[in-house]
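Student: return atomic coordinates for the entry below.
(one chain, ligands or ions: 1)
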Amino acid sequence: MLSTMMDAPLSISSIFWRIERLYADKPVVTQRAAGEPDRTTYGEVARRSRRLASALAQQGIGPGDRVATFGFNTQRHLECYFAIPCMGAVLHTLNVRLFEDQLEYIINHAEDQVIFADRSVLPVLERLAGKIPTVRLVVLMNEGAESTGVLPNVVDYEEFLATGDAGYEWPEVDERAAAAMCYTSGTTGNPKGVVYSHRSTVIHSLVAALPNNVGLGESDTVMYAVPMFHANAWGLPYAAALAGAAQIFSDRYLDPERILSLLDAEGVTITAGVPTIWLGVLNLLDKSGRRLPRLRTVLCGGSAAPPALIAGLRRHDIHLLHAWGMTETSPLASLTRLKASMEGLTEDQKLRYLAKQGVIVPTVECRIMDIGTGQELPWDGTAFGELQVRGPYITGTYYNDPTAAEKFMDGWLRTGDVATIDPDGYIQLVDRTKDLVKSGGEWISSVELEGTIMAHPKVLEAAVVGLPHPHWSERPVAAVVAKPEHAGDLTPEEIRAFLTDKVARWWLPDEILIVDELPKTSVGKFAKNRLREQLAAITEKWAALPA
Ligand code: AMP
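Tutor: This is a model prediction of the structure:
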């Protein structure tokens, strides 16, 4: 029997309706290169979004057409986030840090028709002139270089907006229609396109806002240091709008000093980003004695948050909310909050839970499967296997990709992450399947080793990779960056001594290198394949060892 409920579509325009009708006065602030930030309101963003959609419609953009963005976090980018999907087109966020050949592949694969680009990254786009035939219009946002004329049909954002009509009405959109797309920055093969629907985006926003999850309310002020080209800035632009929270945009200025000042000046209550960003901010907080009394939550994920970072922020009364997810999972799929029954635990015990990747969110299910046999494993906190998930905002395939089926098993997404799940349901990531170090038939978790090294007071960052070894099959090597004030004053021996009573003897890295910086991916994670290449001399040296 069918229910009597209305079959109203779950659509991004219902989120837009709230900022326009209920939260029109709430602030939207964008940091500038220097001087006072740009200040406006949701009401103004709403009017400009309608204008933008109308201008796009006049250019012949219609339902299902891909309209790309190529820029950092700004109010204008937020306007694209609303205008493009609400008019039925597909918002395709392009990662500004991708290599040119990948960018070219992605634009052509998605068949983008329009690109909204920050002027600061225009030269990157201009190098693709002549190679992206589907692009027929480029709209320039923000400050920076002017067009050199190599791209056809380049217009200024504000002039383009002026051609639109603020009375533009949103068309009816099917909730299962594509709303946005984002390509995963794969380390092997071509990037893969994930296409979010209106329905998946609305469900993700509702789930993200729940008190047990990010916990977003109307009284919050949100600043995401995660770029808007990475998994829809973790869905926060929509979730914050749905909740009526104010939004602060950092643009491209993500150094610790600028972030700390922005969080402070705007009274941010919830922020988000990868661990490297917060390691820098924590170091600055420790050194400067500055405080962030209004900051309640640092949502942190993308790679494992080191326990020392969580403990360090707690010293400043800042709660790091550790989350796990992927572009494929919209992305927030698990978050760590202590259960009520854990209140009485010691600080150390609490920290152990807070450093896990947390409990799967409502509407999503998870399981772990043995890497060898493919059998489901128990939730005992010890058995580890590939983490698999399914749910209404988990991707069910990849866009136009003949190899997509390999990433799924009986309707579950194979995440490529290896995890344990404890009896309380807390997921703990052991590693990526490809980053686990296999030594003498046993596994070593590169993530756990990194977390332990980063607890050393002189260490800023550490990455561990397994390199081929004739006898052990693989052995771990650590590359470590000292905090700026300890540059030149950190030795491999100190780190080895520090690790001795914290990890099993056979886990101790065979080589520990102190380096100036670690290679990072386009979204700020350790680029382990590049690190492996940089360590080629060790691989060669080991190749000569006896088996
Ligand atoms: P991306 O699709 O680029 O967001 O990358 C997703 C991958 O980042 C996941 O499959 C994990 O390997 C990694 N990741 C995300 N969050 C965490 C976390 N909290 N701890 C460890 N790894 C993470």
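
Student: contacts and neighbour counts: CA atoms only from here.
Tutor: OK.

Student: make sure L103 is indeed in a helix.
Tutor: Yes - counting by DSSP: H, G, I helix; E, B strand; the rest coil, L103 is part of a helix.

Student: show the pLDDT at it.
Tutor: The per-residue pLDDT reported for L103 equals 95.

Student: next one: R432
Tutor: 87.

Student: dig out what it forms beta bridges with.
Tutor: According to DSSP bridges, the partner residues bridging R432 are D417.

Student: that one: how many residues sit nearby?
Tutor: For R432, the neighbour count with other C-alpha atoms under 10 Å is 18.

Student: what residues does it make contact with?
Tutor: G416, D417, V418 (C-alpha atoms under 8 Å, 6 or more residues apart in numbering).

Student: just the residues you listed now: which is nearest A34?
Tutor: Proximity of the contacts of R432 to A34 was ranked by C-alpha to C-alpha; the top entry is D417 with 41.2 Å.

Student: the contacts of R432: which ones sit near the ligand?
Tutor: D417 (C-alpha under 6 Å from any ligand atom).

Student: chain center to the helix-or-strand element of the chain with minimal mean pLDDT: distance?
Tutor: Lowest mean confidence among the helices and strands of the chain (mean pLDDT, DSSP states H and E): strand 442-444, at a mean of 88. The chain centre lies 28 Å from the centre of strand 442-444; the measure is C-alpha atoms, centre = their mean, to the nearest Å.

Student: the stretch 201-350 of the chain: helices as residue ranges?
Tutor: Remark: helices assigned in the stretch 201-350 of the chain by DSSP state H, counting those that start in this stretch are 231-234, 236-243, 256-265, 275-288, 307-315, 347-354.

Student: for L535, which of the ones you listed is the nearest?
Tutor: Closest of those to L535 is helix 275-288, at 21.6 Å (criterion: C-alpha to C-alpha).

Student: tell me which other helices or strands the closest one touches.
Tutor: On a contact count with 3 or more C-alpha pairs under 8 Å, 6 or more residues apart in numbering; DSSP states H and E, helix 275-288 meets helix 256-265, helix 307-315, strand 459-469.

Student: contact residues of the stretch 351-500 of the chain facing the ligand?
Tutor: So the stretch 351-500 of the chain meets the ligand at Q357, T415, D417, L429, R432 (C-alpha under 6 Å from any ligand atom).

Student: out of those, which is most surrounded?
Tutor: When neighbours are counted by other C-alpha under 10 Å, Q357 leads these with 28 neighbours.

Student: burial of the closest residue in space to Q31 that isn't next to it in sequence, as a residue count?
Tutor: In space, and not counting its chain neighbours, Q31 is closest to P37: 4.5 Å by C-alpha to C-alpha, 6 or more residues apart in numbering. Using other C-alpha under 10 Å, P37 has 15 neighbouring residues.

Student: equivalent analysis for H316, please.
Tutor: Neighbourhood size, H316 [other C-alpha under 10 Å]: 17.

Student: quick one, phi/psi of the closest residue in space to it that isn't next to it in sequence?
Tutor: Leaving aside its chain neighbours, H316 sits nearest to R291 (7.2 Å; criterion: C-alpha to C-alpha, 6+ apart). Phi and psi for R291, reported as degrees, to the nearest 10, are phi -130, psi 160.

Student: right, and R291 touches L285 too?
Tutor: Yes - look at R291 against L285 with C-alpha atoms under 8 Å: they come within range, at 6.9 Å.

Student: what about those two, which has more around it?
Tutor: For the pair R291 and L285, the greater number of neighbours falls to L285 (19 against 14), based on other C-alpha under 10 Å.

Student: could I get the full set of strands for the stretch 301-450 of the chain?
Tutor: Assigned by DSSP state E, counting those that start in this stretch, the stretch 301-450 of the chain shows strands spanning 319-325, 332-335, 358-360, 365-369, 385-390, 408-409, 412-421, 426-432, 437-439, 442-444.

Student: and the angle from the fourth one to strand 385-390?
Tutor: By that I understand strand 365-369. Counting by axes from the mean of the first three to the mean of the last three C-alpha atoms, to 10 degrees, strand 365-369 points 150 degrees away from the direction of strand 385-390.

Student: likewise the longest one?
Tutor: Per the same axes, to 10 degrees, the angle that strand 412-421 makes with strand 385-390 is 130 degrees.

Student: export strand 412-421 to CSV, keeping only CA atoms.
Tutor: Extracted as CSV, the C-alpha positions of strand 412-421 are listed here (Å, rounded to 0.1, in the frame of the first residue of the first chain):
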residue,chain,number,x,y,z
TRP,A,412,28.4,-2.1,-1.6
LEU,A,413,31.1,0.4,-2.4
ARG,A,414,34.6,-1.0,-1.9
THR,A,415,36.4,1.9,-0.3
GLY,A,416,40.0,0.6,-0.7
ASP,A,417,40.4,1.5,3.0
VAL,A,418,41.4,-1.1,5.5
ALA,A,419,39.7,-0.9,8.9
THR,A,420,38.7,-2.5,12.2
ILE,A,421,35.3,-2.0,13.8
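
Student: what residues does it touch?
Tutor: Counting by C-alpha under 8 Å, 6+ apart, 368, 378-390, 394-396, 407-408, 427-434 sit against strand 412-421.

Student: report the buried members of those.
Tutor: The neighbour-count test (16 or more other C-alpha atoms under 10 Å) marks 368, 378-379, 381, 384-390, 394-396, 407-408, 427-433 as buried among the contacts of strand 412-421.

Student: now do the strands in the stretch 51-200 of the chain.
Tutor: Counting by DSSP E, counting those that start in this stretch, the strands of the stretch 51-200 of the chain are 66-70, 90-93, 114-118, 137-141, 154-156, 178-184, 192-197.

Student: nearest to the ligand, of those?
Tutor: The closest approach between the ligand and any of the strands of the stretch 51-200 of the chain, judged by C-alpha to the nearest ligand atom, belongs to strand 178-184 at 5.5 Å.

Student: how about residues contacting the closest one?
Tutor: Contacts of strand 178-184 (C-alpha under 8 Å, 6+ apart): 64, 84-86, 88-94, 106, 191-198, 229-232, 327-328.

Student: not counting sequence-adjacent ones, nearest residue to the residue of the stretch 1-150 of the chain found nearest the ligand?
Tutor: In the stretch 1-150 of the chain, the residue that lies nearest the ligand is N95 (10.8 Å; C-alpha to the nearest ligand atom). Leaving aside its sequence neighbours, N95 sits nearest to F229 (C-alpha to C-alpha, 6+ apart; 5.2 Å).

Student: repeat that for E328.
Tutor: Nearest non-adjacent residue to E328, counting by C-alpha to C-alpha, 6+ apart: T395, 5.3 Å away.

Student: my guess is the one you found contacts S197. True?
Tutor: No - the criterion here is C-alpha under 8 Å, and T395 misses it with S197 at 9.7 Å.

Student: and stretch 366-378, end to end?
Tutor: In stretch 366-378, first residue to last residue: 12 Å (C-alpha to C-alpha, to the nearest Å).
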